[in-house]
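In: need a structure here:
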Amino acid sequence: MRLRLGVRSFALILGLIAAAPAWAADPAPDQFKPDQFKTEIESFLGKLDGITSGLVTWEGSDSFDSRQEGDTAIAVMTNARLAIHGHDQGHDTARVVFDRIEMRRAPAPDGGNAVKMAMVFPKQSVMTLGDGTETKLELKDATANAIVEEASLRVREMAVSLAGARLDHAATGDWMSFGPLSFSSKLTSAADGAWSTPIDFELKQIQFFLTEVPIGGAIDRIFYSASSEGPDIAALNRLRDRIDELRQQGDRSAAARAEALLELLPTVPALFSLVKGEVSVEGVAVRAVNGEPLVGVAKVNIGGALTGLASDTAAWRITLRQNDLALAPAILEPNKVPQNVVIDLGLENVATGPLRTLLEAIEKARNEATDAASQQATARMLGALAMLNPVFRIYELALKTKDVGISATAEAKGSPLAPKGYTAEADVVVRGFDALPALVGDAPFAEYLPLLKVIGTAAAGSDTKFHLASAPQKWISINGNDVTGWLSDDKPAPGQPRNLHPAHPPLQGEDVRAVQRALAAAKIAAPQTGTYDGATAAAVAQFQKQNALNIDGVADTATRDKLGVKPTPPPAGAKPPAGTKPPGRSN
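Out: Model prediction:
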C-alpha cells in the first residue's frame, strides 16, 4: 500500500534527528557560528548516500539560510529534497520534499562538554513515487531536542513530540491520522558509577482507512516503556567506544565488523543489572466499510525483564496479557475466540558464572580451527549448561473462551543435562471440560480427551483438575498416575503382546477386540470396533480406577491380567498396523 511509503517518510525525518550528533562535531565555543553550522549540516547530508548504502540521496533545497541568535546557531531549509532508492533505481525511487526544516545548536543547559540540538519538523512533506502518485504527511507542532556529548557525540538525552499528524494517499484514498505523540530517553549516572537509561514512548488517537482491504479502524493508545541499569558507566562507555570504532571502520566488510562485535559478547552480561521493557496497545477496533465490527481488543500488553546479570544469579521473565478479544464470526467461530490470554513465565536462579563461561566457550568454538580444540570448547559449553541450574516457572498460563477456561502454574528445577536433582510439577484447572472437543476440533490426539477426564479430578462447578509431575524414572505422571505408558513401543519383544495405548492414528487389531470384549463383560461400556480409540482408552482407565490400578488408559500386562484377557502374542514377523506410532514418537 502507498500509505506505507508515507510512514517511511516520517520515519526518515525521525532518523535525521537521531543522526543529529553528526552535526555537532567539535562544538567548541568559538564554533557556534551560523556558517559553520550550515557547513556541518551540508557535509552530513552529502554523506547520506554512503551512510545509507545508497538508499537515501540528498538532492538539495530551494534555500538554506543560517543566522545567529545569542549563543544559538540556527539553520533553515525550505523545500528540502531527498531521494529514497528501491531495487530499481529508474522506476522504484521515491522523492520526498519537506516544506521547511529548522535546526538549532546551543550550549547544553547544564553546561559541561555538551550541546543542545533542536529540530522543528516540517509541517508538510510530500513523497512522490516513480509512478507519479503522492503521499502527503502533515505534522502539527512536531519538535525534537537532544543533548549531545561533545567528546563522544553520543545522545545523552532526547525528547520528541508532536500534537498530531495525518497521512493521505490521494490516488487510493488511504489515510491515517495519529497524535499526540511523545518520546523521551535519558542516560543518567550516580556518584558510585552506576547508570540508568529510562525510555518512554506514547502515541494516542490513531485512526485509519485502507481501501485495499477495505477496512477502517482506530487504536486508542500505544505505549512503550523501557529501562536499562548497570553498575559501571565507565565500563559501559568503553564498550560503546569499541562499538563506535567498529561502525566507523568502513574499509572492513560487514561480516568482519559483525565478527568483531561477537567477540565482545562475553563482556556484555556484567555491564547490566537490569533490562526491562513493556509495550501496550489499547482500544483496538477494526471495522468493515459497512461499519460491521471485525476485530476488537480492549488491551494487549507484553513485558519482560532480565535482572541480575552483573551479580551471581540472574532471572528472566516475560508476560503477555490480552483482554477482551472479539472477532467477527467470518474470521473465527465464536466458541473458538480466545477472549482472554495470559502467558507469564520465566527463569530464576540462573548462575551467571557458568553463563559467562558458556559465552566464552561459544566464542572460542567459533574461532578454533582444529577439530580437537572445537570439541574441547563444545565440552566446555555442555559443562557450563549443566551448571546453570535454573528454576523454570510458569507463574500463570491462562486461556478463556466462551465455553472453556484453562489456567496453569508450573515449576521445574535443575538442568535437563544433569538429571540428578531434576524435578518438575504443574497444576492445571480446566473449566467446561466437556466443551473442549468443540474447541480443539480434529487436532491430533483430541479423541483421547475422554481419557484425560477419567484421570482428572472433579472440582467445584465444571472444573477438572490435573497435577502433573516429572522426575527421573517417573518422567510423566498425572494426579499420581504414571502415564509414561503413553510412550510405549509399538514393537514389543518377540513373542510378547504389545501394550495398547493412545496413538495417532489409533492402534487396531484382534488384541484390541479382546480388551474391548473383556470391558463389556466387566459391565463397562466400550466400543467393539477393534480400534483403540479415545472411548476405549477411557473405558480402560475407568476399569483401572475401579480396581485400584495405575490409571493411564493403557492396556498393559497388569490391566489385561485383571480383565482376564489372555495375551495373544502377535505372529512371528508381524508388524503393527501401518502408520501407528505412540505420542511424541515417529516410526
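In: Please, where are all the strands along the stretch 51-200 of the chain?
Out: 56-58, 63-69, 72-85, 93-107, 114-120, 124-128, 134-140, 143-149, 155-162, 164-169, 175-178, 181-186, 188-189, 195-210 (DSSP state E, counting those that start in this stretch).
In: could you dump those strands to TSV with mean pLDDT?
Out: Output for the strands of the stretch 51-200 of the chain, formatted as TSV (pLDDT from 0 to 100):
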stretch	mean pLDDT
strand 56-58	87
strand 63-69	92
strand 72-85	90
strand 93-107	90
strand 114-120	89
strand 124-128	90
strand 134-140	92
strand 143-149	89
strand 155-162	91
strand 164-169	94
strand 175-178	95
strand 181-186	95
strand 188-189	90
strand 195-210	96
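In: closest one to residue 41 among those strands?
Out: strand 72-85 (5.7 Å; CB to CB). From N, CA and C alone the C-beta is placed, and that goes for glycine too.
In: What is the closest one packed up against?
Out: helix 2-18, helix 34-46, strand 56-58, strand 63-69, strand 93-107 (3 or more CB pairs under 8 Å, 6 or more residues apart in numbering; DSSP states H and E).
In: Return the set of buried residues in that strand.
Out: Residues 72, 73, 74, 75, 76, 77, 78, 80, 82, 83, 84, 85 are the ones in strand 72-85 that count as buried (16 or more other CB atoms under 10 Å).
In: Tell me the strands beside that strand, with direction?
Out: strand 56-58 (antiparallel), strand 63-69 (antiparallel), strand 93-107 (antiparallel) (DSSP bridges).
In: Taking the buried residues of strand 72-85 together, which two end up most distant?
Out: Once CB to CB is applied, these give 72 and 85 as the farthest pair, at 35.0 Å.
In: Next up, the contacts around residue 361.
Out: With contacts defined as CB atoms under 8 Å, 6 or more residues apart in numbering, residue 361 is in contact with 377, 378, 380, 381, 384.
In: Which of the residues you listed fall in strands?
Out: Counting by DSSP state E, none of the members of the contacts of residue 361 fall within strands.
In: among those residues, who's most crowded?
Out: Using other CB atoms under 10 Å as the neighbour test, these are led by residue 384, with 21 neighbours.
In: Run a quick neighbour tally on residue 525.
Out: Count around residue 525 with other CB under 10 Å applied: 10.
In: Please, which helix or strand holds the closest residue to it other than its chain neighbours?
Out: Closest residue to residue 525 apart from its sequence neighbours, by CB to CB, 6 or more residues apart in numbering: residue 539 at 6.5 Å. Here residue 539 sits within helix 534-546, counting by DSSP states H and E.
In: same question for that helix, mean pLDDT?
Out: On average, the pLDDT along helix 534-546 is 97.
In: same for it, what does it pack against?
Out: helix 449-455, helix 510-521, helix 557-563.
In: tell me which residues in it are buried?
Out: Buried residues in helix 534-546 (16+ other CB under 10 Å): 534, 535, 536, 537, 538, 539, 540, 541, 542, 543, 544.
In: residues in contact with it?
Out: Residues contacting helix 534-546 (CB under 8 Å, 6+ apart): 447-451, 453-455, 500-502, 512, 515-516, 519, 522, 524-527, 529, 549-555, 559, 562-563.
In: so where do the helices sit in the stretch 351-500 of the chain?
Out: Ranges of helices in the stretch 351-500 of the chain, per DSSP state H, counting those that start in this stretch, are 352-367, 371-388, 436-440, 449-455.
In: Of all those, which one is nearest residue 217?
Out: From those, taking CB to CB, the stretch that ends up closest is helix 436-440, at 27.6 Å.
In: Now do the buried residues in that closest one.
Out: 436, 439.
In: State the mean pLDDT of that helix.
Out: Here the average pLDDT along helix 436-440 is 92.
In: contacts for that helix?
Out: Contacts for helix 436-440 (CB under 8 Å, 6+ apart): 335, 336, 401, 403, 404, 430, 446, 449.
In: hang on, the earlier thing: any idea which of the helices of the stretch 351-500 of the chain is most buried?
Out: helix 449-455 (a mean of 20; mean count of other CB atoms under 10 Å).
In: can you tell me how far residue 348 sits from residue 562?
Out: Going from residue 348 to residue 562 by CB to CB, to the nearest Å gives 44 Å.
In: same question, residue 401
Out: 39 Å.
In: These two: which is more packed in?
Out: Taking neighbours as other CB under 10 Å, residue 401 and residue 562 compare with residue 401 leading, 23 against 16.
In: just the strands in the stretch 201-350 of the chain please.
Out: 215-230, 274-288, 293-307, 313-327, 340-351.
In: which one of these lies closest to residue 200?
Out: Using CB to CB, those put strand 215-230 closest to residue 200, at 5.3 Å.
In: Do me a favour and average the pLDDT over that closest one.
Out: 96.
In: Now that strand: buried residues?
Out: 216, 217, 219, 222, 226, 227, 228, 229, 230.
In: what's the angle from that strand to strand 181-186?
Out: Angle between the axes of strand 215-230 and strand 181-186 is 10 degrees (criterion: axes from the mean of the first three to the mean of the last three CA atoms, to 10 degrees).
In: residues contacting the most centrally placed residue in the chain?
Out: Using CA atoms, centre = their mean, the residue of the chain that lies closest to the mean C-alpha position is residue 302, 8.6 Å off. Neighbouring residues of residue 302 by CB under 8 Å, 6+ apart: 278, 279, 318, 319, 320, 321.
In: how many neighbours does residue 397 have?
Out: If we define neighbours as other CB under 10 Å, then residue 397 has 17 of them.
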